[in-house]
Every structure is written in structure tokens, then in C-alpha cells.
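**Q** Sequence and predicted structure are below.
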Amino acid sequence: MKKEYFYLIIFGILILMIIHIELILSKDYAPESVLIQVYNPEGLPEGNASCFADLISQQLNFENIPLKKLESIYDFIDPKIYYSVSFEGGGYYLLETDFKNYDGEFEIKIVCYSPGFSGVSYTIINNTNTNCEFIQGGKLLIC
């Protein structure tokens, strides 16, 4: 009889651990970094754009944060870990959001201007609109 209780307790603990892990993994966190590729009006990657972001959340509120231009996306991402042919061509800009395990409501607005204002790109990312690709455990968002 003691053996049956022991196995029942172990089984109950395992079930509770699985439920706890699933609850943690099911949370959607705000990205800690955002990589965005900007194209000129001809559809080619734009390497000389000016990009700025606004962060709106209960944790952070910043306006007009300049994005950092990357000569290559692999200046930031290790190609041994993540490689894609679609990353070729340049025109990438990096935003460090400073979100740390933030699972509340957020909004990131990114606007980029081509030289001479020949083109404007505008992206809004929030809890319900993340049509970009998450990598590195959901901490990096690539648009």
C-alpha cells in the first residue's frame, strides 16, 4: 500500500511540473532585439536609411530611438546558429528594446526614411501584430 502512494505522489508531482512548464512556455514576451530590413523604392536593400523607433509599454516608454545600421546581419547573428539565403543583401537595422522577460502589453513603432525621403517604411509590432520571425528563444525578432 505504501508503494502505491509513493508512485501516486511521484506521478502527481510530474503532472504539476509539466503543467508549470507549459504555463511558462506559453507566455508571449516582448522581443529584446528587433532586426528590420529596409528596401528602397526599387525593391533593393537600402543601406543608407535613417530609422527611429518608439517603445510604448508599462515597463518602457521611449521615443525616437535611433536604430543601429548593420553592414551584415551576421554582425549580430552567428551564421553557424542561424543562416538563411533571404538575409543576404544588407539594409539591416538593429533596435535593442531593453525589454527583459516582459510579458505585458507593448507596442514598437519603427519608421525608416530613405535618403532624400524617396521612400518611407513604417512598421508596428505589438502583442497581436508580430508578423515577423522570432529566433533565439523568442528574444530576437526579424522583420
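**A** Received the coordinates, thanks.
**Q** for stretch 45-62, the distance to its chain's centre please.
**A** Offset of stretch 45-62 from its chain centre (Cα atoms, centre = their mean, to the nearest Å): 13 Å.
**Q** neighbouring contacts of that stretch?
**A** 30, 34, 36-40, 63-67, 69, 89-93, 95, 97-99, 102, 104-115, 119, 121 (Cβ atoms under 8 Å, 6 or more residues apart in numbering). Glycine gets a C-beta too; all of them are placed from N, C-alpha and C.
**Q** filter these to the buried ones?
**A** 30, 34, 36-40, 65, 67, 69, 90-93, 95, 97, 99, 102, 106, 108, 110-114, 119, 121 (16 or more other Cβ atoms under 10 Å).
**Q** Just the CA coordinates for the helix or strand hosting residue 34, please, in CSV.
**A** Residue 34 is part of strand 33-37 when elements are defined by DSSP states H and E. The C-alpha trace of strand 33-37 is given here as CSV (Å, rounded to 0.1, in the frame of the first residue of the first chain):
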residue,chain,number,x,y,z
SER,A,33,16.0,43.0,-30.0
VAL,A,34,14.4,43.7,-33.4
LEU,A,35,16.2,43.4,-36.7
ILE,A,36,14.5,45.1,-39.7
GLN,A,37,15.5,45.1,-43.3
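**Q** Make 28 the starting number, not 1.
**A** Will do, 28 is the new start, and the previous item becomes strand 60-64.
**Q** what's it in contact with?
**A** Taking Cβ under 8 Å, 6+ apart as the rule, strand 60-64 contacts 72, 78, 80, 94, 97, 100, 103-104, 116, 118-124, 135, 137, 139, 148, 150, 152, 159, 166-170.
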